[in-house]
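Student: Fold the following, please.
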Amino acid sequence: MNFLMNHPPSSPINTQDLSKLGELLAEEFPAVVRHFLTEAEKQIQHMEDAYLDVSYPELFKAVHRFKGSCGALTAYRLYEHCADLERVTSSDKVSATQVARLLNAIQEEYQQVKTALQHYLEVAPLN
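Tutor: Residues are numbered from 1 along each chain as shown. Sure, this is the predicted structure:
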């Protein structure tokens, strides 16, 4: 699924879609976002550890789990970086250079997503 086709990459999160999720989850929404932010740090660390251990099957599993969370919280660019890393790590011939580049892109994009979600929680009417 290519989220970027329907969601221009002008923002790390899609606030229109996130607002709909906020309405659906009501008072649970801030806790869901905070849980994502807490778990994301751990998941990214797990991906880095798998990369350093050259455990690409484990990296694939970790990035797959993280990708789903990113899509659910409308971090569509981050979702696409994860999808790219999934493709690279599922290949018969994994390029460590590509993996490193994509992990770096995920880390950088996550920082933007984190800032955007924290800001969204500050201004969202349901916090």
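
Student: And the longest helix along the chain, what does it pack against?
Tutor: Using DSSP state H, we find that the single longest helix of the chain is helix 96-123. Helices and strands touching helix 96-123, by 3 or more Cβ pairs under 8 Å, 6 or more residues apart in numbering; DSSP states H and E, are helix 29-52, helix 56-72, helix 76-89. (Each C-beta comes from the backbone N, C-alpha and C, glycine too.)

Student: And the first one, what's buried?
Tutor: Think helix 29-52. By neighbour count on 16 or more other Cβ atoms under 10 Å, the buried set for helix 29-52 is F29, V33, F36, L37, A40, Q43, I44, H46, M47, E48, A50, Y51.

Student: which residues does the fourth one contact?
Tutor: Applying Cβ atoms under 8 Å, 6 or more residues apart in numbering, one finds that L37 lies in contact with K114, L117, Q118.

Student: Tell me the most packed of the residues you listed, by neighbour count.
Tutor: The member of the contacts of L37 surrounded by the most neighbours (other Cβ atoms under 10 Å) is L117, with 22 neighbours in all.

Student: And the helices and strands packed on helix 96-123: which comes nearest E122?
Tutor: helix 29-52 (10.2 Å; Cβ to Cβ).

Student: ok, the contacts of L37 vs T74, which is closest?
Tutor: When these are compared against T74 (criterion: Cβ to Cβ), the nearest one is L117, at 9.3 Å.

Student: In the helix or strand of the chain with the lowest mean pLDDT, which residues are buried?
Tutor: Within the chain, confidence by mean pLDDT, DSSP states H and E is lowest for helix 15-25 among all helices and strands, at a mean of 92. Residues of helix 15-25 classed as buried: D17, L18, S19, G22 (neighbour count, 16+ other Cβ under 10 Å).
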